[in-house]
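Asks: Provide a 3D model corresponding to the input given below.
(2 chains)
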Amino acid sequence: MSKGWRIIGGLVLMLVLLGALCIGVGFMTGGDIVEVYTSLNDKYQLSGIWDRRAEYVDWGVTAFQNIVAGVRGLF
Amino acid sequence: MTRINKQRFLPELGKLLTFMAEEDRQTALNMYSKCFDDAEDEQQLMDLLVSPTRQAVVIARSYDSRERKHSKDSAEEAEQLPAFVLAIDKIYQQVAPHREISWDSLRVEKPEAAVDQFSLFPDEPHPIDDSEYLPFRIDAETVSLDETAEDAPEAVLPTPTAEEAPAAPVTEPKAEPAEEKPAETKPAEAKPAEQPVAAPKAKPAEAKDVPAAPKAEPEELPVRELDYQLLETKPEPPQQPQQPDFSFEFPDLEAELKPSVKISAADFDLDFVPETKEKTRVFLLILYILLAIPVALAGIVLLLIPALAALALAVGVIVLGSAALVAAFSLFQQLADLLILLGTAIIILALGLLLLWLFVWFIGGAIGGLIRGLIELGRKWCIVEVAA
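Replies: Numbers count the residues shown, from 1 in each chain, chains lettered A, B, ... in the order given. Presented below is the predicted three-dimensional model:
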């Protein structure tokens, strides 16, 4: 397990560094975060998801309660 | 032949006996020397002694340094023969049955040492700790002073002289003239103010033999000045006993060992493993199982909650990262914006990978470790190994 931790930790660190490098290069070459957000919002309706976050939380809580009730039903 | 063996035997034995007190070592060497001198059959003696190493082992087995130290302090035990003396005497009786060795004649007494002298042997509480101890106290019963010393003004001084302290290390030129020419010391009591006292104490013998030597001339000092000098003169420390020889040369044991007693690695069975049999305590095992199963189930459930949460998060994060990665290549035409979203997607996927590994660790490491630990604990408590 300790060897697995070392491998996964190294891999994650490399990916994070690579992502940070990409973001840095993107900003240095004229990237705009507002334009990126606008494009994503147009495609995936991010603002709508954010507005309905309460509904998602309630859905998650209800799902958890159903799981707990199911486990109690086993015993 | 005997002389050659003795000359080789005794020094080597002396080196091997450095663990003994110095006087005991000298006593032992004297007794061995006596054995060589009185042996009727030298070959028999050498057969008995075998080697200095063998005799050192014989003495070491019969020698107890603590006991010897204690016996020196008490007069009753000091009269008893030490065990190592009896061991050597046993050899002596075999090589010289018609003679008898005298322990007292060979006994080497330990010289008087300073009370604060360092000792390698464990000692009684230090005499300085005793409140009654006085470093310069002179016991009138034990110290006998002759008339000259009693009358002379020097007699009250703590400085040891030839008559007052015979055991003290007084140089011979001082002691001899005191015995040979007592008349020269007496002028100090007859006419202490007029006669020079330093003349007989300095080196009168040399002055008499070589009168031309300048150092031999007696100094004309009045008695008062001499007393003052004696008061300032520190008493010489008692003569130290001969320092024990701590140099040790390893004996050539390999040469002394016979080929028949040589031990090789082939003599040992390195694959030898004692056979044991596992015996199960059935009743204890049943009890343990009854307790361990609920504990294991509770632990597994408790560990499954964070494991499943980590899995759910990992799946969500990986889906999010994948969506960002797809969007990066599908939505953006500019490389700069693409790189920003690509970097974000990579970081999200890295986080998803970490969460996925966390789930694997919870399942394989934590829950598996819990089950393995319970099994090992049950084996340790309920199964014992007994000789087959």
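Asks: interface residues of chain B facing chain A?
Replies: Counting by CB under 8 Å from any CB of the partner chain, chain B comes close to chain A at B:301, B:323, B:327, B:331-332, B:334-347, B:349-351, B:353-354, B:357, B:360-361, B:364-365. (Glycine included, C-beta is placed from N, CA and C.)
Asks: Mind splitting chain A into its structural domains?
Replies: A:1-31, A:32-75 (automatic domain parsing).
Asks: and chain B, which of these is closest to it?
Replies: domain A:1-31 (3.1 Å; CB to the nearest CB).
Asks: Can you name the residues of chain A that neighbour chain B?
Replies: Counting by CB under 8 Å from any CB, the residues of chain A close to chain B are A:1, A:4-5, A:8, A:11-12, A:15-16, A:18-27, A:29-33, A:35-36, A:39-40, A:43-44, A:71.
Asks: mind listing which of those residues are in strands?
Replies: Taking DSSP state E, every one of the residues of chain A next to chain B sits outside strands.
Asks: Narrow these to those that are buried.
Replies: Those of the residues of chain A next to chain B that meet the buried threshold are A:8, A:12, A:15-16, A:19, A:22-23, A:25-26, A:31, A:36, A:39-40, by 16 or more other CB atoms under 10 Å in any protein chain shown.
Asks: Mind picking out the helix or strand in chain A with the poorest mean pLDDT?
Replies: When each helix and strand of chain A is scored by mean pLDDT, DSSP states H and E, helix A:46-51 comes last, with a mean of 84.
Asks: now for it, which elements pack on it?
Replies: Counting contacts by 3 or more CB pairs under 8 Å, 6 or more residues apart in numbering or on different chains; DSSP states H and E, helix A:46-51 packs against helix A:33-44.
Asks: in stretch B:365-379, what's buried?
Replies: Buried residues in stretch B:365-379 (16+ other CB under 10 Å): B:365, B:366, B:367, B:370, B:374, B:378.
Asks: I'd like the average pLDDT over it.
Replies: For stretch B:365-379, the mean pLDDT works out to 89.
Asks: outside of it, which residues touch it?
Replies: A:1, B:285, B:288, B:289, B:292, B:295, B:296, B:299, B:300, B:303, B:304, B:307 (CB atoms under 8 Å, 6 or more residues apart in numbering or on different chains).
Asks: Would you mind putting the CA coordinates of it into CSV?
Replies: Taking Å, rounded to 0.1, in the frame of the first residue of the first chain, the C-alpha atoms of stretch B:365-379 are listed here in CSV:
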residue,chain,number,x,y,z
GLY,B,365,-5.9,-1.4,3.0
ALA,B,366,-8.1,-0.4,5.8
ILE,B,367,-10.9,-3.0,5.6
GLY,B,368,-8.5,-5.7,4.5
GLY,B,369,-6.1,-4.7,7.3
LEU,B,370,-8.9,-4.8,9.8
ILE,B,371,-9.8,-8.4,8.8
ARG,B,372,-6.2,-9.6,8.7
GLY,B,373,-5.5,-8.0,12.1
LEU,B,374,-8.5,-9.7,13.7
ILE,B,375,-7.4,-13.0,12.2
GLU,B,376,-3.8,-12.6,13.5
LEU,B,377,-5.1,-11.5,16.9
GLY,B,378,-7.3,-14.6,17.1
ARG,B,379,-4.4,-16.8,16.1
